[in-house]
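> turn this into a structure:
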Amino acid sequence: MAEKTVPMNQETDLQKTQETTRSEARYVAPPVDIYEEDDQLVVVADLPGAHKDSISVSVENGILTLQAAAQNEAPGDLVYREFEFVNFFRQFEISEQIDIEHITADLNNGVLTLRLPKAEQAKPKKVEVKISE
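Below is the predicted model of the structure:
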């Protein structure tokens, strides 16, 4: 049931119409952990500097898309910088066994947790064994 990451070089309609030579935005694939439980898949993504309002999670044509913009909120004037905030972008191909209507997303300290519940027909069933008399 493990899902697979969609390759980053896959062109989208936006990329086909946009001039890449003039693009100032940079995107990185956030590191993720994916694990399977009996009734759901859980995706944990590190999004340092991203806030709730800058995160977009969507599912279209079997592709789960995660986008986020990191924001620099330094308390004073910047004197020296070694850490650069960038935008995040990652896509995953998901199967029809996921109930996309009930996907949830929680953000806590820059860590996004997505819960992808399995559809009823994909959940394991336990068959009760009866004793015949």
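
> Ile103 contacts Thr65, doesn't it?
No - using C-beta atoms under 8 Å, Ile103 is not in contact with Thr65, being 11.9 Å away. Heads up, the C-betas are built off the backbone N, CA and C, glycines and all.

> the two - which one has more neighbours?
Ile103 (19 against 15; other C-beta atoms under 10 Å).

> look up the closest residue to the more buried one, ignoring the ones flanking it.
Nearest non-adjacent residue to Ile103, counting by C-beta to C-beta, 6 or more residues apart in numbering: Leu116, 5.3 Å away.

> next: Phe89.
With C-beta to C-beta, 6+ apart as the criterion, Phe89 has its nearest non-adjacent residue at 4.1 Å, and that residue is Tyr27.

> what about the one you found, how many neighbours?
Neighbours of Tyr27 (other C-beta under 10 Å): 15.

> for Leu114, same thing?
By other C-beta under 10 Å, 20 other residues sit near Leu114.
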